[in-house]
Each structure stands twice: as structure tokens, then as C-alpha cells.
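Peer 1: my questions are about this predicted structure, shown below with the sequence.
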Amino acid sequence: MTITITAFKTSPDRGRGLARDTRLRWALEEVGQDYEVRLLSFEDMKRPGHLALNPFGQIPTYEADGLALFETGAIIFHIAEQASGLLPLGKAARARAVTWMFAALNSVEPPILDLETARLLEHDKPWSQERLPMVIDRVRKRLQPLALRLETTDWLEDQFSAGDLLMVSVLQRLRSSGLLDEFPSLAAYVVRGEARPAYQRAFAAQLAVFKAGAVDLT
Ligand code: GTB
């Protein structure tokens, strides 16, 4: 079986591993599954060929055995269902791990994305400075209980799972904000996730793409 995912030809994050293809690469590395990558420009992503895979014209997508998927969470769930290593075998433990996948994407990532939007895209708006503290507060409200939980455990449940993979990936997006430093248990959790050999391979692979296409502007 050949698995093909899509990724940015030139990632706007300049190889920092924040684009969502890194999450798929990490999941595939965790389960020991080889994969190929089709690199796309922003124009490619809006062409009919790619829109047939993802109606929103975004990366990443996943293709294997005639099945095409989009949405990172759904793809990681599929990968985790196909092979061992990302979801526990017991029914209850498995359901808990899936719950954390949803928690990462539905409860923790939205306020973080809102903060990114506020900092990067809305900073010049007249209302931006007044709004920012509220946005930061909403992020803190999600980080506090998570930090408390991770004070006494390495992973969200008994063993590393797709829930941790997504939660670590979501929290990585906070690094440049400095907010992670307010929560040592969360900062340590992200470091723990990033230390996994599978993550290291995934990170190196996406960085290699960026380096190969990087234009020296100096
Ligand atoms: N809900 C979808 C999923 O989880 O798969 C969201 C997919 C998505 O946001 N894809 C982004 C995309 O294709 C790339 S990953 N954007 C192009 C477009 O919409 O036209 C998000 C991302 C982009 C850039 C950075 N960065 O520069 O730091 C980080 C994350």
C-alpha cells in the first residue's frame, strides 16, 4: 500500500514544523508506515485536482488504496485505526484517547488559532489592543486544567496516544507567544513529545522540503 500525503511546496512557517502535514508525518512515523509526499503551491491547492481531494483547497490530504481523506484529525484517526501504536487496544482506553484527540482540536486549538489571528493578522486594527487580553485569557483558561493534569503524568492517559500527538502539535503553536513558559508542565510535555524519535524524523522530513525549496533572500 502506498500512502501519499500533501504538503506545502514552500511552507510559510519556514520549516518550523507547524504546518499540519507534520502531524500526519509524525503519526505515520509512530506506526512505522512509509509514505510519499506530493508538494503543492498555493495555486495548486485551489485547482480542481486538489479540490477533489479537499473541498477547502487545503493541505494536508491522504490517499491510499483508492481512499482519499482530508482533515488532519480524521486522517490521524484513520492511520491509528489501521496500525498499532497510536490508540490503546482496550475499548474504554481507546475511547479516552479519541476524546483527547477531539479535545485538542475542538477545545484547545480554537482559542490558540484566535490568538494567532489576533497577533499576526489583526494587530494593526484599532480595536486590537483592547481585544488581545481577552483572547489571551481564553487560551489560559484551556491551558490551566491541562497543565494541572500533566503535573502528575507524562501523557494525557496511561500511554502516549494520538491524543497526545495532536495536543502536543496544537501547543507547539503557542511557542512564539511565550504563554507555554507560564505552564512548566505543558512546556515539558511539548519537549517530551518532540523528543520522540518518530517526531524527530517527521520534523526532519518537513524541514528538508523547506531547505530544498528555500530561496536565499539575504
Ligand atoms: N482543519 C484542517 C485540518 O486540520 O486539516 C485545516 C487545514 C489547514 O489549516 N491547512 C492549512 C492550509 O492549507 C495549512 S496547515 N492553508 C492554505 C489555505 O488555506 O489556503 C495551517 C498552518 C499554516 C501555516 C502555519 N505557519 O506558517 O506557521 C501554520 C499552520
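Peer 2: Yep, that arrived. Numbers count the residues shown, from 1 in each chain.
Peer 1: need phi/psi at residue 38.
Peer 2: Main-chain dihedrals, residue 38, degrees, to the nearest 10: phi -100, psi 120.
Peer 1: got the phi/psi numbers for the residue nearest to it when sequence neighbours are not counted?
Peer 2: Spatial nearest neighbour of residue 38, chain neighbours left out: residue 6 (5.0 Å); criterion: Cβ to Cβ, 6 or more residues apart in numbering. Where C-beta positions appear, they are placed from N, C-alpha and C, glycine not excepted. In terms of degrees, to the nearest 10, the main-chain angles of residue 6 are phi -110, psi 150.
Peer 1: surely residue 6 touches residue 61?
Peer 2: Yes - Residue 6 sits in contact with residue 61 when judged by Cβ atoms under 8 Å, with a separation of 4.7 Å.
Peer 1: circling back to that earlier point, residues contacting the residue nearest to residue 38?
Peer 2: Contact analysis of residue 6 by Cβ atoms under 8 Å, 6 or more residues apart in numbering lists 21, 37-40, 45, 50, 53, 59-61.
Peer 1: now, these that are in strands?
Peer 2: In strands, judged by DSSP state E, the following of these are found: 37-40, 61.
Peer 1: contacts only, for residue 149.
Peer 2: residue 156.
Peer 1: that one and residue 143, how far apart?
Peer 2: With distances taken as Cβ to Cβ, to the nearest Å, residue 149 is found 11 Å from residue 143.
Peer 1: need the pLDDT of the residue nearest the centre of the chain.
Peer 2: Of all residues in the chain, the one closest to the mean position by Cα atoms, centre = their mean is residue 169, 4.0 Å from it. In this model, residue 169 is scored at 98, pLDDT.
Peer 1: check the one 3 residues further on too.
Peer 2: Per-residue pLDDT puts residue 172 at 98.
Peer 1: that one: how many residues sit nearby?
Peer 2: Neighbour count of residue 172, defined by other Cβ atoms under 10 Å: 19.
Peer 1: and the pLDDT at residue 153?
Peer 2: So residue 153 comes in at 97 (pLDDT).
Peer 1: and it, helix, strand or coil?
Peer 2: coil (DSSP: H, G, I helix; E, B strand; the rest coil).
Peer 1: quick one, what contacts the closest residue in space to residue 150 that isn't next to it in sequence?
Peer 2: Excluding its sequence neighbours, the residue lying closest to residue 150 (Cβ to Cβ, 6+ apart) is residue 185, at 4.4 Å. Taking Cβ under 8 Å, 6+ apart, we find residue 185 in contact with 147-148, 150-151.
Peer 1: show me which of the residues you listed are buried.
Peer 2: Among these, those scoring as buried are 147, 150 (criterion: 16 or more other Cβ atoms under 10 Å).
Peer 1: just checking, residue 1 touches residue 67?
Peer 2: No - counting by Cβ under 8 Å, residue 1 does not reach residue 67; the two are 10.1 Å apart.
Peer 1: having no further points to raise, I will conclude here.
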